[in-house]
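Student: The following block contains a protein sequence and its predicted model.
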Amino acid sequence: MSRFRVVVDPTSCAGRGLCAELFPERIRLDRWGYPIVDGESVPLSLLDHALRAESMCPHLAIHVVEQEQEVPRPVASPRRR
C-alpha cells in the first residue's frame, strides 16, 4: 500500500479542471468544475501522475501528501478504585 494521497485546498482552487485531466484515476470534477478527490492512497505506479497534477495546478491547490502511518494503540483498561 502506498503512503501518499492527493488533497485539494478548496480555498485556492479556481475550478479549472486541469488536475482531473492529468490525474483522472483519483480526481473527478463536480458539475461546477471543482475537483473531487476519492481519498484513496495513490499507488506508486501512479505517483508520477499525481505529482504532475500537483505541479501543473495553476493555483497550487492540489497537493500530494504523505499519510501518517496508523500506529496501533493499546485499549485503555478502566482503572480500578
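Tutor: Yep, it's here. Numbers count the residues shown, from 1 in each chain.
Student: wait, D30 sits on I36?
Tutor: Yes - counting by C-beta atoms under 8 Å, I36 is a contact partner of D30 at 5.6 Å. All C-beta atoms are positioned from the backbone trio N, CA, C, and that covers glycine.
Student: Please report phi then psi for C19.
Tutor: C19 adopts backbone torsions of phi -60, psi -40, taken as degrees, to the nearest 10.
Student: Next: the one 5 residues further on.
Tutor: Listed backbone geometry of P24 is phi -70, psi -10, with angles given as degrees, to the nearest 10.
Student: repeat for D48
Tutor: The phi/psi pair for D48 (degrees, to the nearest 10) is phi -60, psi -40.
Student: Check the gap between it and E68 for me.
Tutor: As judged by C-beta to C-beta, to the nearest Å, D48 and E68 stand 23 Å apart.
Student: Comparing these two, which shows the higher neighbour count?
Tutor: Per other C-beta atoms under 10 Å, whichever of D48 and E68 has more neighbours is D48, with 11 against 7.
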